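Participant: Provided below for reference: sequence and predicted model.
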Amino acid sequence: MKILSLFDGISCAQIAAERAGIKVHGYFASEIDKHAIEVTQKNWPDTKQIGDVKTLKVKDGGIVWQGGGFTFSTKIDLLIGGSPCQDLSIAKINRKGLAGERSGLFYEYLRILRELKPRYFVLENVASMPKEARETITKEIGVEPVLIDAGLVSAQRRKRLFWTNIPLDQPADRGIFLKDVLQPEEEVDEKYYVSRETLGRLKGWKNAQSSRIHGTDGKSVTLQAGGGGTGAKTGLYAIQQRGRGKNAGNLHTEKSPTLTSNAFEQNHHVVALTETRTPEAKRIRAKAMRETGKDWSPRRGKELVPRKDEKANTLTTGQTKESLLLAGGRVRKLTPIECERLQSVPDNYTAGHADGSRYKMLGKAFNVEVIRHILSKIK
């Protein structure tokens, strides 16, 4: 099979094809990011890089490309690509949709699809796009999209739409959670941990995703290619510590009093403090704890418990203007290797580049096991 991958990134489709048992006799990648191209060529040196999608030409039903001083025209069996989502995603403020400079590249995919007429095609994009954009893509492509969450085959919650003429069903849930893909703590560099000072500045669940703290018993949040903040690209996680000194399991911020409850000690690593600001509130909470064993909110009139989310496992109690208390562990972002595992690519696949570049490339990438599932349906 000959494959043309538009917006190829780090060639996750190439990994997926290999895992699906597809014999590839020519893989053509349209990509402009130099770091992504370097990762691809390191792992797949036979890949033919054919440049910017906007300059890609099709002649007589084949892509036109140059190599060794010669110009070739090659028929393609599978066209695959995930056109940029920045102007479509709900995470984008004032998004311009398909009229945007980056997400408008969908029309380049459409042009090439119509001119090439490959036997198979796959187009991927975010599930959070506006309804009108989804309807436009569906009308132009001519098939209804299928929504697949990478959380079924990996430890990452990542919902994506796929337009394809390959018959699809949903992959089986493999029951993989974030705790299953974490590196041993002795392998994790100190630079990935949130400092005591930064932890004290983090606010509650209404703040940006980059300042929320999650547990490890569920799925990770969706990896992002851009954005700023402490946990912008990977999310922040409360990691249970073992063997990092006598105080490793009892770290708290300067402003937060030590607070424990049976439920907290048994089940959770992080709790946001919301009701410790007045002596009266402290007295009521202390009395409730003595009499019922529950952490009671005087202002809300109900028990305070960390919210559980099966997928992201966000452990917060609400709007907080206090600091975060951490017991039994420390907060850190994910390492590049852990992010590779979330995208189902081999460990150190993106090694050799700065962490920021690795996070960005992985945030843009396909989840390999989702694409493997799709390609495995080719007869």
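Facilitator: The structure has been received and is ready for your questions.

Participant: Let's verify Lys54: helix, strand, or coil?
Facilitator: Using DSSP: H, G, I helix; E, B strand; the rest coil, the structure places Lys54 in helix.

Participant: ok, it - contacts?
Facilitator: Listed by Cβ atoms under 8 Å, 6 or more residues apart in numbering, the contact set of Lys54 reads Leu105, Glu108. C-beta coordinates here come from the backbone N, C-alpha and C atoms, glycine included.

Participant: With Lys48 instead?
Facilitator: Lys48 is in contact with Gly26, Tyr27, Phe28, Ala29, Trp65, Gly67, counting by Cβ under 8 Å, 6+ apart.

Participant: Apply 10 Å and report the result again.
Facilitator: Contacts for Lys48 (Cβ atoms under 10 Å, 6 or more residues apart in numbering) come out as Leu4, Gly26, Tyr27, Phe28, Ala29, Ile63, Trp65, Gln66, Gly67, Phe72, Thr74.

Participant: so how far is Thr55 from the last one?
Facilitator: What it means is Thr74. Taking Cβ to Cβ, to the nearest Å as the measure, Thr74 falls 16 Å from Thr55.

Participant: The two: which has the busier surroundings?
Facilitator: The neighbour comparison of Thr74 against Thr55 (other Cβ atoms under 10 Å) goes to Thr74, with 15 against 9.

Participant: How about the more buried one: what's its closest non-neighbour residue?
Facilitator: Gly62 (5.0 Å; Cβ to Cβ, 6 or more residues apart in numbering).

Participant: was I right about the one you found contacting Thr71?
Facilitator: No - counting by Cβ atoms under 10 Å, Gly62 stays clear of Thr71, with 11.3 Å between them.

Participant: Helices of the stretch 51-200 of the chain, residue ranges please.
Facilitator: The residue ranges that make up the helices of the stretch 51-200 of the chain, judged by DSSP state H, counting those that start in this stretch, are 106-116, 131-141, 196-201.

Participant: Quickly list the domain ranges of this structure.
Facilitator: Domain assignment for the chain by automatic domain parsing gives 2-170+344-375, 184-334.

Participant: Please pull out the lowest mean pLDDT helix or strand from the chain.
Facilitator: Least confident helix or strand, the chain: helix 262-267 with a mean of 29, by mean pLDDT, DSSP states H and E.

Participant: Averaged pLDDT, stretch 360-377. What do you get?
Facilitator: What stretch 360-377 shows for mean pLDDT is 96.

Participant: That stretch: end-to-end distance?
Facilitator: Distance between the two ends of stretch 360-377: 30 Å, counting by Cα to Cα, to the nearest Å.

Participant: how far out from the middle of the chain is that stretch?
Facilitator: Remark: stretch 360-377 is offset 11 Å from the chain centroid, using Cα atoms, centre = their mean, to the nearest Å.

Participant: got any ranges where the stretch 201-350 of the chain has weak pLDDT?
Facilitator: The model of the stretch 201-350 of the chain has pLDDT under 70 over residues 202-210, 228, 241-282, 285, 293-328.

Participant: picking that back up, please say which of Gly62 and Thr71 ends up with more neighbours.
Facilitator: Set side by side, Gly62 and Thr71 show unequal neighbour counts under other Cβ under 10 Å, the larger going to Gly62 at 17 against 10.

Participant: mind listing what the residue most central in space within the chain touches?
Facilitator: In the chain, the centroid-proximal residue (Cα atoms, centre = their mean) is Leu223; its distance is 2.1 Å. Leu223 makes contact with 150, 156-158, 233-235, 334, 339, 342-343, 359-360, 362-365, 367 under the criterion Cβ under 10 Å, 6+ apart.

Participant: Apart from its chain neighbours, what residue comes closest to it?
Facilitator: The shortest distance from Leu223 to any non-neighbouring residue, by Cβ to Cβ, 6+ apart, is to Gly363 (4.5 Å).

Participant: For Ser11, see how far away the one you found is.
Facilitator: 16 Å.

Participant: Between these two, point out the one with more neighbours.
Facilitator: Remark: of Gly363 and Ser11, Ser11 carries more neighbours, 26 against 19, as counted by other Cβ under 10 Å.
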